[in-house]
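*Asks:* coords please:
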Amino acid sequence: MLRTMPRYGYQPCREFHVVVLGAGGVGKSCLTAQFVHQEWIENYDPTIEDSYRTQLTVDGRQVMLEILDTAGADQFVAMRDLYMKTGQGFLLVFSITSRASLEELVSLRDDIIRIKDDENIPIVIVGNKADLTDQRAVDRARAFAISQQWNAPYYESSARTRSNVDEVFIDLCRQMLRREDYVDDSRENDPYYHKADDPSSSKRRRRRKNRDNKEHKCVVL
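*Replies:* Below you'll find the model as predicted:
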């Protein structure tokens, strides 16, 4: 009896570049550190940029993430265009204790769409510091209205308690996977597409070969 193999049975590990953006002091670094290292950082310099590399499984598929935790200081604004150009998915983080941090996301999203020339780029909106309910300054309804307007999921998270930390990154991974699957399917259905001539296909083959020769580890770059 001929058995049909599942579509994702032998899928290679997908690699994605994720950029974490938001105003200084909203908890971007704490959120990322909790996701990658499962640790809470009490005091973190908001002017420090960091890059992380970690592997996870999403819906049975292996995903390698390169996560850029951007600084919120004004002197780093000039670098944002480069981050946005190379990013494939974006976490837009604000603090529920600061209305101004939510408003800053509007200009960040506008810049992403301008640079990527794509209104459907994978984005997750994150209202961080959800444990500080007594200091809430952003109403949930306001944040949900923005998420519906942008057609992007919204989560309220707490880096301190680790609430919804994994969920925001996993949701973003699902969006990026769906997007890449759609592109792959479109190419396969295009009679003028030749896989052997596709440089991205060659890169994936080289990455698979490299993965066979070494074990992935979670490291701080």
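
*Asks:* use CA for all of it now, contacts and neighbours both
*Replies:* OK.

*Asks:* Which residues are in contact with A152?
*Replies:* Shown in contact with A152 (CA atoms under 8 Å, 6 or more residues apart in numbering): 122-125.

*Asks:* What is the three-state secondary structure of it?
*Replies:* coil (DSSP: H, G, I helix; E, B strand; the rest coil).

*Asks:* who's in contact with H17?
*Replies:* 65-68, 86-89.

*Asks:* follow-up on the earlier one: now the contacts of A152 as JSON lines including pLDDT?
*Replies:* Listed next are these as JSON lines, based on pLDDT from 0 to 100:
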{"residue": "P122", "pLDDT": "98"}
{"residue": "I123", "pLDDT": "98"}
{"residue": "V124", "pLDDT": "98"}
{"residue": "I125", "pLDDT": "98"}
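
*Asks:* of these, closest to E104?
*Replies:* Nearest to E104 among these, counting by CA to CA, is I125 at 12.1 Å.

*Asks:* just checking, what packs against the helix or strand hosting the closest one?
*Replies:* Element membership for I125 (DSSP states H and E) is strand 123-128. Applying 3 or more CA pairs under 8 Å, 6 or more residues apart in numbering; DSSP states H and E, one finds that strand 123-128 makes contact with strand 89-95, strand 154-156, helix 165-188.

*Asks:* Just the ones in strands from the contacts of H17, please.
*Replies:* The strands, defined by DSSP state E, take in 65-68, 89 from those.

*Asks:* Report the buried members of these.
*Replies:* 65-68, 89 (16 or more other CA atoms under 10 Å).

*Asks:* By pLDDT, give me the weakest of those residues.
*Replies:* Lowest pLDDT within those is found at L68 (93).

*Asks:* just to revisit the earlier point, in a markdown table: the contacts of H17, plus distance to A23.
*Replies:* Shown next, in a markdown table, are the contacts of H17 (distance: CA to CA, whole Å):
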| residue | distance to A23 |
| --- | --- |
| L65 | 22 |
| E66 | 21 |
| I67 | 17 |
| L68 | 15 |
| T86 | 20 |
| G87 | 18 |
| Q88 | 20 |
| G89 | 18 |
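
*Asks:* which pair in these spans the largest distance?
*Replies:* L65 and T86 (13.1 Å).

*Asks:* in terms of contact, does I113 touch E119 like I think?
*Replies:* Yes: taking CA atoms under 8 Å as the definition, I113 is a contact partner of E119 at 5.5 Å.

*Asks:* When the two are compared, which one has more neighbours?
*Replies:* Using other CA atoms under 10 Å as the criterion, I113 and E119 rank with I113 on top: 16 against 13.

*Asks:* The helix or strand containing that one to strand 89-95, inter-axis angle?
*Replies:* Taking DSSP H and E as the criterion, I113 maps to helix 99-116. With axes from the mean of the first three to the mean of the last three CA atoms, to 10 degrees defining the directions, helix 99-116 sits at 160 degrees from strand 89-95.

*Asks:* Only alpha carbons, please: show helix 99-116 as PDB.
*Replies:* Taking Å, rounded to 0.1, in the frame of the first residue of the first chain, the C-alpha atoms of helix 99-116 are listed here in PDB:
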ATOM      1  CA  ARG A  99       0.700  55.900  26.100                       C
ATOM      2  CA  ALA A 100       3.700  57.500  24.300                       C
ATOM      3  CA  SER A 101       5.400  54.100  23.800                       C
ATOM      4  CA  LEU A 102       2.200  52.800  22.000                       C
ATOM      5  CA  GLU A 103       2.100  55.900  19.800                       C
ATOM      6  CA  GLU A 104       5.700  55.400  18.800                       C
ATOM      7  CA  LEU A 105       4.800  52.100  17.200                       C
ATOM      8  CA  VAL A 106       2.700  53.900  14.600                       C
ATOM      9  CA  SER A 107       5.800  55.500  13.000                       C
ATOM     10  CA  LEU A 108       7.800  52.300  13.400                       C
ATOM     11  CA  ARG A 109       5.200  50.300  11.400                       C
ATOM     12  CA  ASP A 110       5.000  53.100   8.800                       C
ATOM     13  CA  ASP A 111       8.800  52.900   8.300                       C
ATOM     14  CA  ILE A 112       8.700  49.100   8.100                       C
ATOM     15  CA  ILE A 113       6.000  49.200   5.400                       C
ATOM     16  CA  ARG A 114       7.900  51.900   3.500                       C
ATOM     17  CA  ILE A 115      11.200  50.100   3.600                       C
ATOM     18  CA  LYS A 116       9.800  46.600   2.900                       C
END
